[in-house]
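1. Mind looking at a prediction? Sequence and model below.
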Amino acid sequence: YSNRPDGYYADVGLELSTNGGSLWTVKQPHGTLLDAAGFLTKIWVSTDSDVFAGSIQIKKSSDEGSTFGSFLTSGDIHHDIRDLCFPDPNDGDLIYAATDGGVYMDDQDGISWSRITGDLALNEFYSVGITKQNSEILTGGSQDCGSVKRNSDGSWTQIGGGDGGISLIDQTNHEIYYYTVNKRLYSSSTGYIGTGGYLDSHVNMDPTDSETMYRSEWDSYNNPPVKLLKTTDRWNSTSIETRVWDHIWDIAICESEPNAYYFTTYDVWSTAHIFNCPNGGTSCSQVNYSGISDIVQVAPATDIVVHPFDKDIAWVTFGGFESGKKVYLTTDGGDNWINHTYTGLPNLPIQCLEYDFLNEIVFVGTDIGAYFKSVHDNSWELAGDLPQNMISKLVINKSSGDLFASTFGRGMYRTNLGHGYCYDDQNPLTISSTTTWSNDNEICSDVTITTGGTLNIQATITMGYNSTCLLYTSDAADEEDSVDLGGRR
């Protein structure tokens, strides 16, 4: 059996071959079988030769596809059917279904469904949003199950419906968060913001200023060019940074120079492009592709990450199935590229990357799990006991040292990397007695050394870009020395 859509989003038909595909007979003309996008539709044959066809919902035929009955899925089962299974060769009435909303079972040939997901974590997350205020608080957008927020007590709250996508949390106030419903972007504080160019359109927040963000949208509905928009007041107003002709896939902002960023574009009818904007939208230009000219022709640039204190250092990952062409590094703003794919990575699309710059470790998410390596190593290792599932996003919370992974189909996971980047998440961090820092670390807040306090630094300490060290030199509160260590060691 074959389903052949008449166009990308057209209704599908059904064809049957009884001689190994040499000849085909039309059983259902285009537009008569299902009310779903053709590229989503699947066909299954049960152990007693019934034909099931579906995507959003399911229909069944008992005469080789000549006629189909009404939809079997009604309100008893979550729409968007990913797979059907007929486990018993002697009982064609027993069916298991994998859907966007979990696992279901029916033992009456599709008449009555029961949800059997139990305590399995099966959400298909596209993203994970974190806050340095509290590592227990998260947000995530998932396929067909909306967007959710994890509260500090571990409970979950539904914050949006439809197809979720990108989710972000304000770093100064975790009660302000952003999420998407299909293509539409919302704020918890102000409501609807705007409509992106595609389902999972990226929204990126300045790492030093939560009021500054970037996103993209069509210049006119569903028609290029695509605008890269910027706000400096939480989307109360916007400005156009630049325009491009393809979907904007990702945006990476440099922490120490917030006007410096990279972004990537891709469309199925085009090639991947990478833009370096060292001083805002008017300075954007494409990078030199000489070291990556072949891979950008056949695969999307799936993620890009810039070093927080050096705008010329950036990592980029690629999807596709080109062996040995997955992960690249530039140290000169995109003029040259170093291939860091090396050995140990599967020949599968790389979905995301996170860079632990302090410990010089790179993490990537693939279709079957996460991998990591030192910047200086030539081989990758499989990370931990994550399920063999697509890793859609990897994010490090600097305050707690937690690495979070969102998966498409198995929920969210986290692991602690040993210790947080920050000795303390107080703001400011106060040193009032003799204190020794003996481990390499980053300070994410201001540091105040009061009279009588002594700080012994016996390691490499990186101050956050906007952090200040206040040294009190007497008991008088108005007598102090301010040492700006932002972005330096």
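-> Thanks, I have the structure now.
2. Name the strands paired with the strand ranked longest in the chain and say parallel or antiparallel.
-> In the chain, taking DSSP state E as the definition, the longest strand is strand 209-220. Here strand 209-220 has these sheet partners by DSSP bridges: strand 203-206 (antiparallel), strand 223-231 (antiparallel).
3. Report the contact partners of residue 163.
-> Applying Cβ atoms under 8 Å, 6 or more residues apart in numbering, we find residue 163 in contact with 141, 143, 144, 146, 180, 181, 182, 199. Heads up, the C-betas are built off the backbone N, CA and C, glycines and all.
4. ok, so of those, who is nearest residue 193?
-> residue 180 (9.5 Å; Cβ to Cβ).
5. quick one on the thing from earlier: for my notes, please list the contacts of residue 163 in TSV and give secondary structure and neighbour count for each entry.
-> Listed next are the contacts of residue 163 as TSV, based on DSSP: H, G, I helix; E, B strand; the rest coil; neighbours: other Cβ atoms under 10 Å:
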residue	secondary structure	neighbour count
141	strand	33
143	coil	22
144	coil	17
146	strand	19
180	strand	30
181	strand	19
182	coil	15
199	coil	16
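6. out of the residues you listed, who's nearest residue 410?
-> For the contacts of residue 163, the residue nearest residue 410 by Cβ to Cβ is residue 143; the value is 12.5 Å.
7. Now find how far off-centre the longest strand of the chain is within its chain.
-> Between the centre of strand 209-220 and the centre of its chain there are 17 Å (Cα atoms, centre = their mean, to the nearest Å).
8. And stretch 173-187, what's buried?
-> Across stretch 173-187, burial judged by 16 or more other Cβ atoms under 10 Å covers 174, 176, 177, 178, 179, 180, 181, 183, 184, 185, 186, 187.
9. among the residues you listed, which one has the lowest pLDDT?
-> Taken together, the buried residues of stretch 173-187 show their lowest pLDDT at residue 183, with 86.
10. That residue against residue 203, yeah?
-> No: counting by Cβ atoms under 8 Å, residue 183 sits too far from residue 203 to count as a contact (11.7 Å).
11. hey, what's in contact with both of the two?
-> Common neighbours of residue 183 and residue 203 (Cβ under 8 Å, 6+ apart) are residue 196.
12. Where do the strands of the stretch 1-150 of the chain begin and end?
-> Here the stretch 1-150 of the chain has its strands, by DSSP state E, counting those that start in this stretch, at 14-16, 25-28, 42-45, 51-54, 58-61, 81-85, 95-99, 102-106, 114-115, 129-130, 138-142, 146-150.
13. Any chance of a markdown table for the ones you listed, columns mean pLDDT and distance to residue 252?
-> Output for the strands of the stretch 1-150 of the chain, formatted as a markdown table (pLDDT from 0 to 100; distance: least, Cβ to Cβ, whole Å):
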| stretch | mean pLDDT | distance to residue 252 |
| --- | --- | --- |
| strand 14-16 | 83 | 45 |
| strand 25-28 | 83 | 47 |
| strand 42-45 | 85 | 36 |
| strand 51-54 | 83 | 39 |
| strand 58-61 | 84 | 42 |
| strand 81-85 | 88 | 32 |
| strand 95-99 | 90 | 34 |
| strand 102-106 | 91 | 34 |
| strand 114-115 | 92 | 40 |
| strand 129-130 | 96 | 16 |
| strand 138-142 | 96 | 19 |
| strand 146-150 | 95 | 23 |
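14. picking up where we left off before, looking at the contacts of residue 163, which one is closest to residue 295?
-> Distance ranking of the contacts of residue 163 against residue 295, using Cβ to Cβ, places residue 199 first at 24.4 Å.
15. what's the pLDDT at the closest one?
-> 62.
16. 29 is where my numbering starts, stick with that
-> Fine by me, first position is 29 from now on; the one you just mentioned is residue 227.
17. To what extent is the nearest residue to residue 51 once chain neighbours are set aside buried, counted in neighbours?
-> Once flanking residues are discounted, residue 51 sits nearest to residue 45: 6.2 Å by Cβ to Cβ, 6 or more residues apart in numbering. Residues within reach of residue 45, counting by other Cβ atoms under 10 Å, total 12.
18. how near is residue 45 to residue 81?
-> The gap separating residue 45 from residue 81 is 16 Å, by Cβ to Cβ, to the nearest Å.
19. what do you get for residue 106?
-> Taking Cβ to Cβ as the measure, residue 106 falls 18 Å from residue 81.
20. Quick check on the two: which one has the bigger neighbour count.
-> Neighbour comparison, residue 106 and residue 81: the larger count goes to residue 81, with 25 against 20 (by other Cβ under 10 Å).
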